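Novice: how does the following fold in three dimensions:
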Amino acid sequence: MPMGYKRMKMNSLVFAINVLATVVWCAPPRCEPEDEILGRCKIEAPAPEKPKCTELVLGYCDDMPYERTMFPNILDHRNRQEAETGAEYLLLSVVHSLLNGECTPDIRMLGCSVLAPRCEDDVIVKPCRSTCEAVRKSCAHAFEAIEMAWPYFLDCDRFFVSDQEGCYDPLAALRARQEVALTSISPEEPSTIIQFTYHTNAQMFSILKKTAAKCSHISRTYSIGRSVEGKDLLVIEFSDNPGQHDLLEPEIKYIANMHGNEVLGRQLLIYLAQYLCSEYLLGNERIQTLINTTRIHMLPSMNPDGYELAAAEVEDSNDPENQEGPVYNGWTSGRANAQNIDLNRNFPDLTSIAYSRRRNKHYRTDHIPIPDSYWFGKVAPETYAVMKWIRSIPFVQSASLHGGELVVSYPYDFSKHPHEEKMFSPTPDEQVFKQLARTYADAHATMADNNTDRCGASFAGKGGIINGAQWYSFAGGMSDFNYLHTNCFEITVELGCDKFPAEEELYTEWKRNKESLLSFMESVHRGIKGIVKDEDGNGIKGAVISVRGIRHDITTGEDGDYWRLLNSGVHILSATAPGYTKVMKKVYLPPQMQKAGRVDFMLKKAIREPDDDHHFLPMDTYERFDPYNQFERYSLSELGENGEERQEKPWWWAYFSQSGNSAPTWLLRNY
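Specialist: Numbering: from 1, shown residues only. Alright, predicted model coming up:
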């Protein structure tokens with residue numbers, strides 16, 4: 001073998017040994033546990049195990065159309081226990097109760113598709129964005145109705161993907177089942193579905209707000225103030241332009257539950273709100289015409305504090321341990337407000353003022369100012385709120401719903417002789433009031449029938465209507481105040497003998513009263529309406545409309561429009577305003593009027609003699625409302641320690657604040 005070849009082989013061997021030595025020398029030393037403790041080295045953690053599909057075992061998601069899920073989920077919950085203890089899962093567990101069954105199980109299954117997403121071949125398949133957007137479009141109003149923000153984990157852009165990215169529809173199987181169920185039902189005309197049960201205050205607020213959200217183009221809710229215990233006096237309004245007064249469109253109101261233990265009217269107005277919304281959407285021409293031509297306001301509970309007291313007594317009487325059974329003595333408990341004030345005796349007594357001035361040639365029975373002495377007494381916050389409300393809106397007609405008798409009464413409620421408890425005491429508009437009362441009573445199933453059993457009082461031969469003072473006299477009533485202080489004509493409807501009827505009777509009572517409630521609202525389009533303008537075509541606010549032979553005037557609104565309820569016949573009308581000439585017109589209103597007659601006035605500027613303005617009320621006198629600012633706090637927001645407005649937590653917050661987990665502030669609106 002040549003010497004050169006041996007040398008090359010030897011060099012190669014030496015090089016290989018050197019390389020091996022270098023590799024061995026550079027390799028990191030083995031790290032023993034005791035060395036890691038001393039900080040000399042660190043034991044490398046094994047590579048994490050790749051997530052795999054696992055069985056779906058979340059209880060509220062057990063009806064999902066798949067059986068395998070994966071953790072971490074789309075919200076990065078690392079395991080089942082972490083998902084189950086989160087506020088997101090808690091929301092899904094109570095969403096049916098919160099939304100009163102609306103949009104469930106849609107919301108729950110949509111949430112489950114994020115908390116427990118579908119898993120295939122150890123890969124998460126995200127739900128479709130289109131499904132999320134469809135659910136949000138149809139269900140967002142349900143969350144708005146209870147003042148809850150749309151849940152963050154149902155953010156369609158954040159946690160859902162498009163069809164092109166490979167998504168799945170978590171509601172496809174549910175939709176298929178619903179279609180099968182619908183095909184098994186014989187086709188019928190669509191109808192309104194109402195749950196005829198009693199509602200707590202929280203449930204009432206929820207239903208009214210959900211109804212307004214469902215029909216947001218024709219409805220809204222607003223609060224006129226708070227009760228003694230801080231509950232909202234919540235009104236729901238229906239109009240083709242909610243929140244705004246439309247020129248020449250009459251405004252009407254219903255008020256119920258003024259006495260907290262008289263509860264049927266409260267329930268009827270809750271049902272009526274749902275009925276108006278649903279029937280409008282279903283294309284009911286009668287309801288659409290009513291809402292498109294009338295602005296309707298409903299206050300289902302003027303005394304929510306008293307209602308809670310009365311309802312609690314009913315619950316006690318239904319206690320299984322109570323051997324006497326569900327007997328309810330509802331004539332006292334809950335009648336008054338939380339200050340023990342009877343709200344229908346708490347309004348200013350303007351009737352006595354009207355009587356004291358009746359011998360005066362120029363006496364007034366309209367727009368009588370509230371005497372300053374009234375404010376030295378005890379004014380309930382509920383009364384204050386309603387007075388401020390009816391002064392701020394040009395109501396034409398009203399009904400207050402009560403219980404304990406079966407009759408409609410109308411003003412005056414206070415006797416013209418203070419020592420006579422049952423004396424016929426008519427207003428100048430006696431015939432108009434009788435017609436309004438007849439409208440409700442005649443449309444009722446049994447009220448106008450003289451053979452109907454009454455509740456102790458005798459109204460034989462009266463057809464279900466009576467002058468209030470002739471029934472029994474009291475001062476400080478709401479109906480008298482409406483008539484003597486504003487343009488509004490209000491009647492009082494006693495709905496039945498039982499102030500707190502059994503729940504199974506609610507549907508029957510709805511059927512008895514539905515037509516009356518609708519007919520009374522439609523009757524606001526009776527009489528005349530018009531606009532009082534100056535020579536330049538501008539509406540004149542505060543112009544006086546008088547009817548010869550009726551000593552009760554009404555005044556025009558902000559834009560000069562007015563409504564005057566009148567029965568059929570020939571009437572001599574006049575329109576006057578300070579600094580303008582007087583204009584008179586003769587009108588004929590035919591029987592069976594279908595709508596109010598239009599009578600406009602154009603007044604010319606003129607210098608009037610001082611004596612001519614005797615019937616014009618000084619505006620500063622009429623505007624003196626709560627002159628000493630004693631009660632304005634009823635309408636102010638509560639302030640925190642630093643003067644900031646305190647945000648009251650919604651009623652559903654207790655579901656989450658008591659769970660022991662971090663509070664889900666993402667559910668609070670405007671947080």
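Novice: show me where the stretch 201-350 of the chain has its strands.
Specialist: For the stretch 201-350 of the chain, the strands defined by DSSP state E, counting those that start in this stretch cover 219-226, 232-238, 251-256, 295-299.
Novice: just the C-alphas of the second one, formatted as CSV.
Specialist: What follows is the C-alpha trace of strand 232-238 in CSV, where atoms were taken according to Å, rounded to 0.1, in the frame of the first residue of the first chain:
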residue,chain,number,x,y,z
ASP,A,232,-90.5,53.6,37.5
LEU,A,233,-94.0,54.8,36.5
LEU,A,234,-93.5,53.4,33.0
VAL,A,235,-95.7,54.4,30.1
ILE,A,236,-96.0,52.7,26.7
GLU,A,237,-97.0,54.8,23.8
PHE,A,238,-98.3,53.9,20.3
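Novice: what strands flank that strand, and is each parallel or antiparallel?
Specialist: Strand 232-238 has its sheet partners listed here by DSSP bridges as strand 219-226 (antiparallel), strand 295-299 (antiparallel).
Novice: P426 touches V432, doesn't it?
Specialist: No - using C-beta atoms under 8 Å, P426 is not in contact with V432, being 10.7 Å away. All C-beta atoms are positioned from the backbone trio N, CA, C, and that covers glycine.
Novice: higher neighbour count, these two?
Specialist: More crowded of P426 and V432, by other C-beta atoms under 10 Å: V432, with 21 against 16.
Novice: surely that one is in a helix?
Specialist: Yes - under DSSP: H, G, I helix; E, B strand; the rest coil, V432 falls within a helix.
Novice: for the nearest residue to it once chain neighbours are set aside, what are its contacts?
Specialist: Excluding its sequence neighbours, the residue lying closest to V432 (C-beta to C-beta, 6 or more residues apart in numbering) is L565, at 5.1 Å. Contacts for L565 (C-beta atoms under 8 Å, 6 or more residues apart in numbering) come out as V396, Q397, D429, V432, L436, F489, V524, R526, G527.
Novice: if we can go back for a sec, and the strands of the stretch 201-350 of the chain, which is most packed in?
Specialist: Stretch with highest mean neighbour count among these: strand 251-256 (a mean of 25; mean count of other C-beta atoms under 10 Å).
Novice: and that one, what other elements does it pack with?
Specialist: Strand 251-256 sits against helix 264-281, strand 295-299, strand 395-402, with contacts defined as 3 or more C-beta pairs under 8 Å, 6 or more residues apart in numbering; DSSP states H and E.
Novice: out of those, which gets nearest to R118?
Specialist: Ranking these by distance to R118, with C-beta to C-beta as the measure, places helix 264-281 first at 35.2 Å.
Novice: re the thing from before, what do P426 and V432 both touch?
Specialist: The contact sets of P426 and V432 do not overlap (C-beta under 8 Å, 6+ apart).
Novice: so N73 touches A116, yeah?
Specialist: Yes - using C-beta under 8 Å, N73 is in contact with A116, at 6.5 Å.
Novice: give me the common contacts of the two.
Specialist: Common neighbours of N73 and A116, counting by C-beta under 8 Å, 6+ apart, are A83.
Novice: just confirm V524 contacts I252, I think it does.
Specialist: Yes - between V524 and I252 there is a contact at 4.8 Å, judged by C-beta under 8 Å.
Novice: who touches both of these two?
Specialist: Applying C-beta under 8 Å, 6+ apart, one finds that V524 and I252 are jointly contacted by T294, V396, Q397.
Novice: ok, the last one - contacts?
Specialist: Just to be clear, that refers to Q397. P250, I252, K253, L436, C488, F489, E490, F520, S523, V524, L565.
Novice: now stretch 661-671: how far from the chain's centre is it?
Specialist: Centre-to-centre, stretch 661-671 and its host chain are 23 Å apart (C-alpha atoms, centre = their mean, to the nearest Å).
Novice: ok, now stretch 355-370?
Specialist: With C-alpha atoms, centre = their mean as the basis, stretch 355-370 stands 38 Å off its chain's centre.
Novice: what do you get for stretch 535-548?
Specialist: That offset, for stretch 535-548, works out to 35 Å (C-alpha atoms, centre = their mean).
Novice: show residues contacting it.
Specialist: 531-534, 553-562, 564, 566, 571-577, 580, 601-605, 615-616, 619.
Novice: now, which of these lie within strands?
Specialist: 531-533, 553-555, 561-562, 564, 571-576, 601-602 (DSSP state E).
Novice: show me what contacts the closest residue to Y66 other than its chain neighbours?
Specialist: Closest residue in space to Y66, ignoring its immediate chain neighbours: R118 at 4.7 Å, by C-beta to C-beta, 6+ apart. By C-beta under 8 Å, 6+ apart, the contact set of R118 is M64, Y66, R68, T69, I124, V125, P127, Y168, P170.
Novice: now the two most distant members of the residues you listed.
Specialist: Every pair of the contacts of R118 checked by C-beta to C-beta; the farthest is R68 and P127, at 14.8 Å.
Novice: ok, these two, which is more surrounded?
Specialist: Shown here are R68 and P127; by other C-beta under 10 Å, P127 has more neighbours (24 against 16).
Novice: tell me the contacts of the residue nearest the centre of the chain?
Specialist: Note on the chain: the residue nearest the mean C-alpha position is L208, at 3.2 Å, using C-alpha atoms, centre = their mean. Applying C-beta under 8 Å, 6+ apart to L208 gives the contacts A145, T221, L234, I236, I270, A273, P300.
Novice: just to check, I207 is in contact with I270?
Specialist: Yes - I207 lies in contact with I270 (C-beta under 8 Å); the separation is 6.0 Å.
Novice: which one's more surrounded, the two?
Specialist: The neighbour comparison of I207 against I270 (other C-beta under 10 Å) goes to I270, with 26 against 23.
Novice: pLDDT at that one, what is it?
Specialist: Predicted confidence (pLDDT) for I270: 97.
Novice: which residue sits closest to it, ignoring its sequence neighbours?
Specialist: What sits nearest to I270 in space, not counting adjacent residues and going by C-beta to C-beta, 6+ apart, is P300, at 5.5 Å.
Novice: mind checking how far that neighbour is from P501?
Specialist: From P300 across to P501, the span is 16 Å (C-beta to C-beta, to the nearest Å).
Novice: what about those two, which has more around it?
Specialist: It is P300, of P300 and P501, that has more neighbours when counted by other C-beta under 10 Å, with 31 against 20.
Novice: contacting residues around that one?
Specialist: M204, L208, L234, I236, A256, N257, G265, R266, Q267, L269, I270, A273 are the contacts of P300 under C-beta under 8 Å, 6+ apart.
Novice: A575 now?
Specialist: Contacts of A575 (C-beta under 8 Å, 6+ apart): V532, A543, V544, I545, S546, K582, V583, F601, L603.
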